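Undergrad: have a look at this prediction, sequence included:
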Amino acid sequence: PAPPASEDAPAPTAPPPVRGTPWRTLLRLCRPDLPYLAAAFLSLAVAASGDAALPALQGAALNTALGLETAGRASLRGALLRLLGVGCGTALFTGIRGYLFWVCG
């Protein structure tokens with residue numbers, strides 16, 4: 001056990017505040033994982049773009065299936081293949097993003 005502190009001893013003081021921005025400290029700590037984080041961010045951007053394009057592709061496929069006017073003479077097969085490709089690509093890049101963030105911890 002530690003001896004009791006005497007009343008004459010100075011009280012412990014907190015360390016002085018660290019100068020510098022928290023962003024610099026955060027970037028310095030993340031430096032080893034920077035390639036993984038950059039790839040994860042790129043995967044995030046690709047997956048978000050695919051998610052944004054899916055409703056338009058669904059609408060184009062439905063318009064083609066119903067025989068409504070579409071830009072050009074798009075076939076139903078082509079519209080569905082584009083929808084499938086973007087959906088699978090979005091799922092793939094979402095998985096890559098999740099994996100890379102998991103690797104970074």
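TA: Nice, I can see it.
Undergrad: check contacts around the residue nearest the centre of the chain.
TA: The C-alpha lying nearest the average C-alpha coordinate of the chain belongs to L44 (C-alpha atoms, centre = their mean; 4.0 Å). L44 is in contact with F93, R97, counting by C-beta atoms under 8 Å, 6 or more residues apart in numbering. Glycine gets a C-beta too; all of them are placed from N, C-alpha and C.
Undergrad: so it: helix, strand or coil?
TA: Following DSSP: H, G, I helix; E, B strand; the rest coil, the label given to L44 is helix.
Undergrad: quick one: it from A61, how far?
TA: When distance is defined by C-beta to C-beta, to the nearest Å, L44 is 26 Å away from A61.
Undergrad: ranges for the helices of the chain?
TA: 22-30, 34-66, 76-104 (DSSP state H).
Undergrad: adding distance to T13 and mean pLDDT, write those out as JSON lines.
TA: Conversion of those to JSON lines gives the following (distance: least, C-beta to C-beta, whole Å; pLDDT from 0 to 100):
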{"stretch": "helix 22-30", "distance to T13": "22", "mean pLDDT": "87"}
{"stretch": "helix 34-66", "distance to T13": "36", "mean pLDDT": "94"}
{"stretch": "helix 76-104", "distance to T13": "36", "mean pLDDT": "95"}
